[in-house]
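Participant: Fold the following, please.
(2 chains)
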Amino acid sequence: MATDKNLFKGFSRREWLKILGGIPIFGAVWSAGFRSNEKALSERNLLLETLNIKASAPPASGPMTGEPLRVGLIGFGIRGEQLMRSLGFATVEWLDDMAKSAAENPNDTRLAEFKAQEGLNVRLTAICDIFDVRAEKALRSFNTKENPCKRYKTHLDLINSGEVDAIIIATPDHWHAPMSIDAINAGVHVYVEKPMTHSIEETYAIRDAVRNNPKAVFAVGHQHRQTQSFLTAQDAIAKNTLGHVSLVVTATNRNDDNGAWQYEIHPDGNTESIDWDMFLGSAPKIPFNPEHFFRWRKWWAYGSGLSGDLMTHDYDRINCVLKMGIPKYVTASGGVYTHRDGRNVPDVMQVNMDFPEFSTGTSQTPGKEKGMSLVYSATLGNQFDRGTVLMGHDASMELGNMVTIYADPRSTKYQDLIKENRVDPSVPIYQYDPSANGVDAVTSATAKYFANKGLLWTYRDGKRVDSTFLHLREWMSCIRNGGNPSCGIQEGFEEAITAHMGGLSYKIGRRIEWDAENERIIALPGENLDEILLNNDDVFIS
Amino acid sequence: MDQTSRFTSLQTSSLVLLRLLIGWHFLYEGVIKLYSPSWTAKGYLLSASYMESFFKWMAGESIIPIIDTLNIGALLLVGFCLIIGFKTRWASIIGIGLLLLYYLAHPPFPGYPQGPSEGSYWLVNKNLIEAAALFVLFLFPTDYSFGIARLFAKPKTVSTNPIP
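Facilitator: Numbers count the residues shown, from 1 in each chain, chains lettered A, B, ... in the order given. Model prediction:
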């Protein structure tokens, strides 16, 4: 102490100021930062409390324990290979490619992610593909000592082999329903790719089959139902955050060969290696045509173009959030404008779906608002990202992997907050980013920039996961533990009918109406809607 | 020891002012990040346009919490030292290190994506200028003129020059 006293002796007040002068500055800056954050946090919390949106993860599907599930795959094409990887089965060729790619580029984590994927306790026991090259490719990789896997000539042989509990269908659209119905009637569980059906009649037939065989678990492959942000969006709608949503806009934009269904034509594809009659199935009988086989999405005979292949994604995304069901009216237009290569499905298409009785709620006089349009707009000649926006009287929601909500400047619900400058319509009032640690009411230009660049991915429990894996897992959990898949027969029925109404309106050039009471698409006297929908002769260029 | 004795008091004061301003900037950034629980450098690192593999490694699942903590800790420490006037030479070096990392992750090199910024830059941006200013502070320490460090320097002065 005595030394200290000597040490400090002789310091004038001015000296002390020079020694300790930084402390008040330090205190001032610290408390300013602290208070600024407090204010932002309390404003944010007030807003979040007002909105009260739950950013919860979807409930995990049940355990994968018990006897291994015996799965059969029909269709080992592009999508079939992807589905098999989600199921835990990758081809030797893919594993080699990924190992090479990871060695060249350490940022390529596809192989590591595949290896880290949870095992689903399945055995791939059966394969059916009518193109020898693909079937043999599958067998080379999947038929092992631990996993004996057999090839079946037809889907019926596979379903009735007694070797499968469940099947995955990844064939051209015109085979989805016939195969599903055969499997369900045989008591085999089904996971079918979208669109659920190729014709209107099949849509009813498959629903009847599922209703008559409640033990067979049926799921449609709309894997985005597993996207975490969608549950948050559902909750935001339930809390009437947006007010009455009158318009939803959604889009597909692609500008490359693969996106325009110009898939590779395999050099070994010929009448020897392909069972052409089986491929054609219900389609018009024509001589072997490799382009039709490998690029089947370009013709109404086997595929369903933009309305069936891509609009179904967007429709089901919105139906998952709003649960608005089948539209009363559908009006479509478009044509073959970007790929005049002999195809007959449109490559530019706009589909307006109207729901005159639908409402998400209101903040104004009851009865003033009712009705909503869902606009789907697509081109295969430009890939500008237009996003998906749900537009309500009180707020707009951008829906993607992130959910971002902006108050509307003329909102009734938020008018006081806007007047008090507590809400700025140009800054999101709510943002949910599944990859961040928490929700945020305000965001910076920087965060938005990163998100738009796709750098903040969708994660589950902080880990990047494949939504197809989650969707397959959910289906298998329903098989093992009971419950209903998030995209089951009802959702599939709504998706298929809506897609067919879009296709019909495009082809007929008329507004197509749904009779909800009788569950029928209204046809004019003498009109066979399925015949029109599946007609493969006309190229509709307006 | 007291290099600033060669300067006029205005010159010394200017250096002290520069030190306080930079310290203020670092401290405020650190405090804001400290009290924002959802803040992370992940986006900044993942979008790095130069030395990508290094910055992406830093943004990795297991590393990023450490990087975030170190970043906040270093910002607070540099801010504290520069304002209080304690070990300012060390603080300047740490500050330069931080700024160069920020600079290199998104350098204003021609042909590189600029990302969001409030101005226009070519080779030189504000991070680089702030780093250069810190280098000046490293070469001309002022904590013996204004700061806690004066406490330890003063007695010597007092003993050698009892009568000022």
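Participant: Scan the helices and strands of chain A for the one with the lowest mean pLDDT.
Facilitator: helix A:445-452 (a mean of 45; mean pLDDT, DSSP states H and E).
Participant: Now do the buried residues in the helix or strand encompassing residue A:85.
Facilitator: Assigned by DSSP states H and E, residue A:85 belongs to helix A:78-87. By neighbour count on 16 or more other Cβ atoms under 10 Å in any protein chain shown, the buried set for helix A:78-87 is A:79-81, A:83-87. No exception for glycine: its C-beta is placed from N, CA and C like everyone else's.
Participant: Would you mind listing the buried residues in the next helix or strand after it?
Facilitator: The helix or strand immediately downstream of helix A:78-87 is helix A:92-104, counting by DSSP H and E. By neighbour count on 16+ other Cβ under 10 Å, the buried set for helix A:92-104 is A:94, A:98.
Participant: now the strands for the stretch 101-250 of chain A?
Facilitator: Counting by DSSP state E, counting those that start in this stretch, residue ranges of the strands within the stretch 101-250 of chain A are A:122-128, A:150-151, A:166-169, A:189-192, A:218-220, A:245-253.
Participant: next one: the stretch 351-500 of chain A
Facilitator: A:372-379, A:389-392, A:395-399, A:403-407, A:430-432, A:459-460, A:463-464.
Participant: Can you flag the weakest of those by average pLDDT?
Facilitator: Set side by side, those give their lowest mean pLDDT on strand A:459-460, at a mean of 54.
Participant: before we move on, back to that, of all the strands of the stretch 101-250 of chain A, which one is nearest chain B?
Facilitator: Relative to chain B, the nearest member of the strands of the stretch 101-250 of chain A by Cβ to the nearest Cβ is strand A:245-253, separated by 21.9 Å.
Participant: just checking, what packs against the very next helix or strand once past the closest one?
Facilitator: Heading C-terminal from strand A:245-253, the first helix or strand you meet, by DSSP H and E, is helix A:276-280. The criterion is 3 or more Cβ pairs under 8 Å, 6 or more residues apart in numbering or on different chains; DSSP states H and E, and there are no helices or strands that helix A:276-280 contacts.
Participant: Relative to residue A:270, how far out is the residue nearest in space to the middle of chain B?
Facilitator: Residue closest to the mean C-alpha point of chain B, counted by Cα atoms, centre = their mean, is residue B:95 at 2.9 Å. Between residue B:95 and residue A:270 the distance is 70 Å, computed by Cβ to Cβ, to the nearest Å.
Participant: Which helix or strand contains residue A:64?
Facilitator: Residue A:64 belongs to no helix or strand, assigned by DSSP H and E.
Participant: My read is that it contacts residue A:87, right?
Facilitator: No. Assessed by Cβ atoms under 8 Å, residue A:64 is found out of contact with residue A:87, at 11.5 Å.
Participant: overlap in contacts of the two?
Facilitator: residue A:120 (Cβ atoms under 8 Å, 6 or more residues apart in numbering or on different chains).
Participant: how deep is the residue of chain A found nearest chain B tucked in, by neighbour count?
Facilitator: Residue nearest to chain B within chain A (Cβ to the nearest Cβ): residue A:33, separated by 3.0 Å. Applying other Cβ atoms under 10 Å in any protein chain shown, we find 20 other residues in the vicinity of residue A:33.
Participant: Please identify the helix or strand for it.
Facilitator: Counting by DSSP H and E, residue A:33 is found in helix A:22-51.
Participant: List phi and psi for residue B:51.
Facilitator: phi 50, psi 40 (degrees, to the nearest 10).
Participant: before we move on, back to that, which stretch among the strands of the stretch 351-500 of chain A comes nearest residue B:147?
Facilitator: strand A:430-432 (42.3 Å; Cβ to Cβ).
Participant: thinking again about what came up before, residue contacts, the residue of chain A closest to chain B?
Facilitator: Contacts of residue A:33 by Cβ under 8 Å, 6+ apart are B:27-28, B:30-32, B:34-35.
Participant: restrict these to contacts with chain A.
Facilitator: Subset of the contacts of residue A:33 in contact with chain A: B:27-28, B:30-32, B:34-35, counting by Cβ under 8 Å from any Cβ of the partner chain.
Participant: Does residue A:503 touch residue A:305 like I think?
Facilitator: Yes. Here residue A:503 reaches residue A:305: they are 7.0 Å apart, a contact under Cβ under 8 Å.
Participant: Could you report the pLDDT at residue 10?
Facilitator: Answering for chain A, as no chain was given. At residue A:10, pLDDT is 72.
Participant: meant chain B, my bad for not saying
Facilitator: 95.
Participant: angle of whichever helix or strand it is part of against helix A:22-51?
Facilitator: Remark: residue B:10 resides in helix B:9-34, with elements defined by DSSP H and E. Using axes from the mean of the first three to the mean of the last three Cα atoms, to 10 degrees, the inter-axis angle of helix B:9-34 relative to helix A:22-51 is 30 degrees.
Participant: who does helix B:9-34 touch, helix- and strand-wise?
Facilitator: helix A:22-51, helix B:64-84, helix B:88-105, helix B:126-139.
Participant: And the next helix or strand along the chain from the longest one, what does it pack against?
Facilitator: Translated: helix A:22-51. Using DSSP H and E, the helix or strand that directly follows helix A:22-51 along the chain is strand A:69-74. On a contact count with 3+ Cβ pairs under 8 Å, 6+ apart, strand A:69-74 meets helix A:78-87, strand A:122-128, helix A:155-159, strand A:166-169, helix A:467-481.
Participant: and among the ones you listed, the most buried is which?
Facilitator: By mean neighbour count, with neighbours taken as mean count of other Cβ atoms under 10 Å in any protein chain shown, strand A:166-169 ranks first of the helices and strands packed on strand A:69-74 at a mean of 24.
Participant: if I pick the residue nearest the centre of chain A, what's in contact with it?
Facilitator: For chain A, the residue sitting closest to the mean C-alpha position, by Cα atoms, centre = their mean, is residue A:224 at 2.8 Å. Residue A:224 is in contact with A:230, A:313, A:316-317, A:320, A:467, counting by Cβ under 8 Å, 6+ apart.
Participant: Can you list the low-confidence ranges for the chain?
Facilitator: Here I'm looking at chain A. Within chain A, the ranges that satisfy pLDDT under 70 run A:1-9, A:55-59, A:434-465, A:539-542.
Participant: Not quite, go with chain B.
Facilitator: In chain B (pLDDT under 70), the answer is B:1-5, B:116, B:154-164.
Participant: give me the residue from it nearest chain A.
Facilitator: residue B:31 (3.0 Å).
Participant: buried ones in the helix holding residue A:33?
Facilitator: For helix A:22-51, by 16+ other Cβ under 10 Å, it's A:22, A:26, A:29-30, A:33, A:37, A:40, A:44, A:47-48, A:50-51.
Participant: likewise stretch A:402-418?
Facilitator: So stretch A:402-418, judged by 16+ other Cβ under 10 Å, has buried residues A:402-408, A:411, A:413-415, A:417-418.
Participant: Could you tell me which residues of the stretch 1-150 of chain A lie near chain B?
Facilitator: Going by Cβ under 8 Å from any Cβ, the residues of the stretch 1-150 of chain A near chain B are A:7, A:10-11, A:15, A:18-23, A:25-26, A:29-30, A:32-34, A:36-38, A:41, A:106-107.
Participant: Many thanks, we can stop here.
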